[in-house]
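Participant: need a structure here:
(one chain, ligands or ions: 1)
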Amino acid sequence: MGWPVSHSRSPLIHNHWIHKHDLNGAYGMFPVEPAQLETAIRGLKALGIAGCNITIPHKVNAMQLVDWVTPLAQRIGAINTIVVQPDGSLNGYNNDGFGYIQSLLEAQPSWQANAGPAVVIGAGGAARAIVVALLDAGANEVRVINRTRSKADEFAQEFGPFVKSVSWDARQDVLADASLLVNTTNQGMHGQPPLDLPLTNLSKQALVSDAVYIPLETPLLRDARLRGNRTVNGLGMLIHQARPAFQAWFGVLPDADEALYEKIIKTI
Ligand code: NAP
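Facilitator: Residues are numbered from 1 along each chain as shown. Next comes the predicted model:
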């Protein structure tokens, strides 16, 4: 459920796994306007639907409309998955952070959250999931930089002493010792300008990742690759967040297999 939702690659992902595991089911898209969200969510059980993903702009509001939310999703402040329970009650999950960490590990299995400071650009919904996931993975310094400084300050207050707010103007000055840089803004996405972040000061050892996956290689990732940094695009995050949701609905934990990546890349 999203509004709009037609751009979503999630049907491709889940229907690939349904087919692969020979399951009797289907994953479809429901464009749900905000005023109808509660009615739509409440209708899941009556329609015999196992659950759904929740995407923009419903991730925060949907949290209030389910019966139980995981402590992780509570901390993030949003849900991206609903699972209908046998008694008809609704459980809410947020798997975005899991997807992000798995995408890093897939690209670099030796990656460790405590290898050095992480620099997170942006302080929206994706940033919340990623910052919480980095902290839970053992990061001991996460520098949050957002165009609107007050939101980065809120992160630092809310998530504790390992999270530091850095001003937008100082964004280049905190890259030298970073072990991870991640863009969680929409900058660099198709139709948007590149993220305004010169990488001159960034260590060549830093892993550079982007939540954006259209295009697969954003200008940020291209710059990073050309100067010798390892890069991770946003597609792995999307695919890996889908795995626990699929498991909850269908009882099988699917793989992020090569054929799935190829299928989605063809649509980008
Ligand atoms: P969001 O909550 O609306 O947050 C948007 C963020 O982008 C805010 O921090 C905003 O800063 C910043 N921003 C917007 N325009 C900017 C500009 N011109 N310069 C600098 N910063 C700017 O959105 P979201 O849900 O976090 O999504 C962010 C991106 O992540 C999207 O591209 C989305 O597609 C992607 N995403 C990917 C996945 C995945 O699975 N790969 C999952 C979730 C999201 P302000 O606070 O100053 O406005």
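Participant: mind giving me the domain ranges of this protein?
Facilitator: The chain breaks down by automatic domain parsing into domains covering 10-94, 97-235.
Participant: Quick check: closest non-adjacent residue to whichever residue of the chain sits closest to the ligand.
Facilitator: Per C-beta to the nearest ligand atom, G124 is where the chain lies closest to the ligand, at 2.0 Å. Bear in mind the C-beta positions are built from the backbone N, C-alpha and C, glycine included. Counting by C-beta to C-beta, 6 or more residues apart in numbering, T184 is the residue found nearest to G124 once chain neighbours are left out, at 6.6 Å.
Participant: Now do the contacts for that neighbour.
Facilitator: Each residue near T184 by C-beta atoms under 8 Å, 6 or more residues apart in numbering is listed here: V120, I121, G122, A123, G124, A126, A127, I130, A211.
Participant: what's the distance between it and E262?
Facilitator: With distances defined as C-beta to C-beta, to the nearest Å, the gap from T184 to E262 amounts to 26 Å.
Participant: hmm, back to that, which among the domains of the chain is found nearest to R243?
Facilitator: With C-beta to C-beta as the measure, domain 97-235 is the member of the domains of the chain nearest R243 (7.7 Å).
Participant: So which residues on this structure come close to the ligand?
Facilitator: By the criterion of C-beta under 6 Å from any ligand atom, the positions of the chain lying close to the ligand are 56, 96, 99, 122-127, 146-148, 151, 184-187, 189, 211-213, 234, 237-238, 241.
Participant: now, which of these lie within strands?
Facilitator: When strands are assigned by DSSP state E, not one member of the residues of the chain next to the ligand lies inside them.
Participant: A256: which element?
Facilitator: A256 is located outside every helix and strand, with elements delineated by DSSP states H and E.
Participant: tally of neighbours for it?
Facilitator: By other C-beta atoms under 10 Å, the residues close to A256 number 19.
Participant: what sits against V163?
Facilitator: Applying C-beta under 8 Å, 6+ apart, one finds that V163 lies in contact with V131, L135, V142, V144, F155, A156.
Participant: Format the residues you listed as JSON lines; extra columns: secondary structure and pLDDT.
Facilitator: Listed next are the contacts of V163 as JSON lines, based on DSSP: H, G, I helix; E, B strand; the rest coil; pLDDT from 0 to 100:
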{"residue": "V131", "secondary structure": "helix", "pLDDT": "98"}
{"residue": "L135", "secondary structure": "helix", "pLDDT": "98"}
{"residue": "V142", "secondary structure": "strand", "pLDDT": "98"}
{"residue": "V144", "secondary structure": "strand", "pLDDT": "98"}
{"residue": "F155", "secondary structure": "helix", "pLDDT": "96"}
{"residue": "A156", "secondary structure": "helix", "pLDDT": "96"}
